[in-house]
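> Only the shape, not the letters, is given here:
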């Protein structure tokens with residue numbers, strides 16, 4: 001029985017569908033044939049999605065027609081293939097869009113900062129009222145200490161704003177993503193995706209040199225395809 005299961009898994013893994021090993025072999029062959037990794041990935045991902053749809057349809061047919069539990073399992077495998085192949089294609093598209101960009105190209109180089117000993121009342125009156133951001137780096141004598149999200153201050157009762165300080169509400173540096181200005185944008189995206197803060201301090205040693213947000217990366221992802229379309233129209237005209 002174990003040999004049968006292992007053989008089945010081996011055959012399944014050799015299907016020419018990303019992200020299975022067979023799909024990676026297909027992508028490598030297509031890449032070598034045409035020399036375009038992105039195109040090869042898209043084709044292999046399309047094949048993977050085709051297998052996913054095929055398995056889902058076949059599995060639902062078996063489950064509904066014969067009440068076979070194996071049909072439900074086959075449909076689940078198809079659903080997995082469909083999602084995984086789409087994720088591979090999205091990752092390559094994102095990598096292409098952010099290719100060649102570094103954190104310094106996308107970050108806000110001079111973000112509004114606040115001191116840790118500033119009272120929350122002064123923070124709201126002197127900083128937030130004029131500079132309406134959602135997150136502010138906390139800096140003391142040139143050293144970055146962390147971030148203070150506006151939502152953390154909003155959770156403090158108004159009557160306590162003149163008694164409590166920014167340091168009481170801030171996220172310490174160890175709890176937020178920290179990047180280098182020369183780090184690749186695609187690596188920065190991975191770090192921000194894994195964090196709930198959606199902001200990263202860009203440091204040189206302990207000194208703050210910028211602030212990077214998911215919004216900055218999203219704008220870069222939207223801008224690159226538009227620039228490519230404009231260049232394509234310019235060449236065609």
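Good, I have the coordinates. Because the structure is a prediction, the values reported are computed rather than measured.

> okay, which residue is most central for the protein?
The C-alpha lying nearest the average C-alpha coordinate of the chain belongs to residue 193 (C-alpha atoms, centre = their mean; 4.2 Å).

> Could I get the phi/psi values of that residue?
In terms of degrees, to the nearest 10, the main-chain angles of residue 193 are phi -60, psi -30.

> Tell me the confidence at the residue of the chain positioned farthest from its centre?
In the chain, the residue that sits farthest from the middle, by C-alpha atoms, centre = their mean, is residue 66; the gap is 41.8 Å. With respect to pLDDT, residue 66 has a value of 73.

> what does residue 100 give?
Taking residue 100 on its own, its pLDDT is 82.

> Would you map the strands across the protein?
Taking DSSP state E as the criterion, the chain carries its strands at 135-140, 143-149, 171-172, 178-179, 199-204, 207-213.

> Quick check: which of the ones you listed is nearest to residue 56?
Set against residue 56 and scored by C-beta to C-beta, the strands of the chain come closest in strand 207-213, at 37.6 Å. Where C-beta positions appear, they are placed from N, C-alpha and C, glycine not excepted.

> Contacts made by that closest one with the rest, please.
Strand 207-213 is contacted by residues 103-104, 106-111, 113, 135, 137, 139, 142-144, 179, 181, 188, 192, 198-203 when judged by C-beta atoms under 8 Å, 6 or more residues apart in numbering.

> List the buried residues of it.
208-213 (16 or more other C-beta atoms under 10 Å).

> same question for it, mean pLDDT?
Per-residue pLDDT over strand 207-213 has a mean of 93.

> Can you report how many residues neighbour residue 163?
11 (other C-beta atoms under 10 Å).

> which one is it nearest to, not counting chain neighbours?
Nearest non-adjacent residue to residue 163, counting by C-beta to C-beta, 6 or more residues apart in numbering: residue 119, 7.4 Å away.

> For that neighbour, give me its contacts.
Counting by C-beta under 8 Å, 6+ apart, residue 119 touches 161-166.

> Let's see the distance spanning stretch 128-137 from one end to the other.
End-to-end span of stretch 128-137 (C-alpha to C-alpha, to the nearest Å): 13 Å.

> Quick check: mean pLDDT of it?
Rounded mean pLDDT across stretch 128-137 is 84.

> Name the residues of that stretch that are buried.
Here stretch 128-137 shows 128, 133, 135-137 as buried, counting by 16+ other C-beta under 10 Å.

> which residue sits closest to residue 197, ignoring its sequence neighbours?
Once flanking residues are discounted, residue 197 sits nearest to residue 176: 5.1 Å by C-beta to C-beta, 6+ apart.

> just for this structure, where's the confidence low?
Within the chain, the ranges that satisfy pLDDT under 70 run 1-10, 67-68, 224-237.

> Mind jotting down where the helices sit in it?
Counting by DSSP state H, the chain has these helices, from start to end: 2-13, 21-34, 37-66, 69-98, 103-106, 120-122, 150-154, 166-169, 185-193, 214-236.

> buried residues in the fifth one?
Applying a neighbour-count criterion of 16+ other C-beta under 10 Å, one finds 103-104, 106 buried in helix 103-106.

> starting at the chain centroid, how far to that helix?
Here the centre of helix 103-106 is set off from its chain's centre by 16 Å, with C-alpha atoms, centre = their mean, to the nearest Å.

> tell me which of the buried residues of stretch 128-137 is nearest to residue 70?
Nearest to residue 70 among these, with distances taken as C-beta to C-beta, is residue 135, at 50.7 Å.

> bridging residues for that closest one?
Beta bridges link residue 135 to residue 149, judged by DSSP bridges.

> Surely it touches residue 149?
Yes. Applying C-beta atoms under 8 Å, one finds residue 135 in contact with residue 149, separated by 4.9 Å.
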